[in-house]
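**Q** Pasted the sequence and its predicted model underneath.
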Amino acid sequence: MVSKRGKFEGALNVVQFNWPFFVFAIGFTFVWLAFVRVLQWPILVYFFGVTFVLYGVFASLIASYWVYDLSGLYGFKWLSLSETPKSVLTLNAGFDETSALLKTHFPSAEFVIGDIYNEKINSEPSIRRAQKRYPKSKETIHLEMELLPFQKHKFDTVFAILVLHEIRTSEQRVVALKEMKRVVQPKGVIVVTEHLRDFPNFMAYTFGVLHFYSRKTWLGDFEAAELTVKQEIRITPFVRSFILTNGSSS
């Protein structure tokens, strides 16, 4: 867990956790040039291929710096709750960037930190690199989202920040959301923050956008779990935060 973020920490983490992609991009510029020369293709073909690859590199870095370092995502000034949380459950998927920061933001609250990472499902090498770089805290417990080991209405606030997209089917996400609803108090809130599968994220992450889900998909999952969107906050063009409460969606 990280209790204080560096100036460029978000962008640097993206490079550290996804370094093979950046090595590939650099190597591609040389291999593609040799390939084009051997086949005697027009030099414009070379520039087209290099431009496409380098665009993916720089666009993702700029967007990541914007989201994770400049936007205030981890400062939580965008988060306006009607009551200060007293009992909090935070969820992460193998790499916890939020719990320590939330503890600083809500120092009087009692926290339970849950890791939903499943190495059989979440097999991305980038997550394993993140785990080596930032080992989880001793207070973190592993959770199975199909059945959370907590009594009904235990927490007044549940945070799932850039986490639930790692649950890869709608059916499983709805089950997870229903469990989150079960353990949150009737007047409590669930905060779900995610990148969306939309045009801004496509422009930033190209085909990486397929790892995210559309706003329509999330709203459908919330409705299926009988959660109401109390507030929708657009933190940047790339990230939305949904403040959810109990009840049927309208």
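**A** That came in fine, so what should we check first? Computed from a prediction, not measured in an experiment: that's the story for all the values here.

**Q** Dump the helix or strand that contains residue 245 to CSV, restricted to CA.
**A** Per DSSP states H and E, residue 245 falls inside strand 239-246. In CSV, the C-alpha atoms belonging to strand 239-246 read as follows (Å, rounded to 0.1, in the frame of the first residue of the first chain):
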residue,chain,number,x,y,z
VAL,A,239,-12.7,7.8,-15.6
ARG,A,240,-16.2,7.8,-14.0
SER,A,241,-17.1,7.2,-10.4
PHE,A,242,-20.6,5.9,-9.5
ILE,A,243,-22.0,6.5,-6.0
LEU,A,244,-24.5,3.7,-5.4
THR,A,245,-27.1,3.2,-2.8
ASN,A,246,-29.6,0.4,-2.0
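
**Q** So what touches that strand?
**A** Residues from elsewhere that reach strand 239-246, judged by Cβ atoms under 8 Å, 6 or more residues apart in numbering: 67, 71, 73, 78-79, 81, 161-162, 181, 184, 186-196, 215, 218, 222, 226-235. (Glycine included, C-beta is placed from N, CA and C.)

**Q** so where's this protein shaky on pLDDT?
**A** Counting by pLDDT under 70, the chain contains low-confidence residues at 1-4, 123, 247-250.

**Q** If we use 50, what do you get?
**A** Filtered on pLDDT under 50, the chain yields the residue ranges 248-250.

**Q** Nearest the geometric middle of it, what residue?
**A** residue 162 (2.2 Å; Cα atoms, centre = their mean).

**Q** what sits against the closest residue to that residue other than its chain neighbours?
**A** Nearest non-adjacent residue to residue 162, counting by Cβ to Cβ, 6 or more residues apart in numbering: residue 193, 5.9 Å away. Contact partners of residue 193, counting by Cβ under 8 Å, 6+ apart, are 73, 160, 161, 162, 235, 239, 240, 241, 242.

**Q** The longest helix along the chain - contacts with which helices or strands?
**A** If you go by DSSP state H, the chain has its longest helix at helix 43-65. Applying 3 or more Cβ pairs under 8 Å, 6 or more residues apart in numbering; DSSP states H and E, one finds that helix 43-65 contacts helix 9-17, helix 19-39, helix 199-205.

**Q** Can you show me the CA trace of whichever strand in the chain runs longest as CSV?
**A** The residue-count maximum for a strand in the chain (DSSP state E) belongs to strand 184-195. The C-alpha coordinates for strand 184-195 follow below in CSV (Å, rounded to 0.1, in the frame of the first residue of the first chain):
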residue,chain,number,x,y,z
VAL,A,184,-23.3,-2.2,3.3
GLN,A,185,-25.8,-0.5,5.6
PRO,A,186,-29.2,0.5,4.3
LYS,A,187,-28.2,4.2,4.2
GLY,A,188,-24.6,3.4,3.2
VAL,A,189,-22.9,3.9,-0.1
ILE,A,190,-20.8,1.9,-2.6
VAL,A,191,-18.3,3.8,-4.6
VAL,A,192,-17.4,2.2,-8.0
THR,A,193,-14.8,3.9,-10.1
GLU,A,194,-13.8,2.7,-13.5
HIS,A,195,-12.4,3.5,-16.9
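
**Q** Done for today, thanks.
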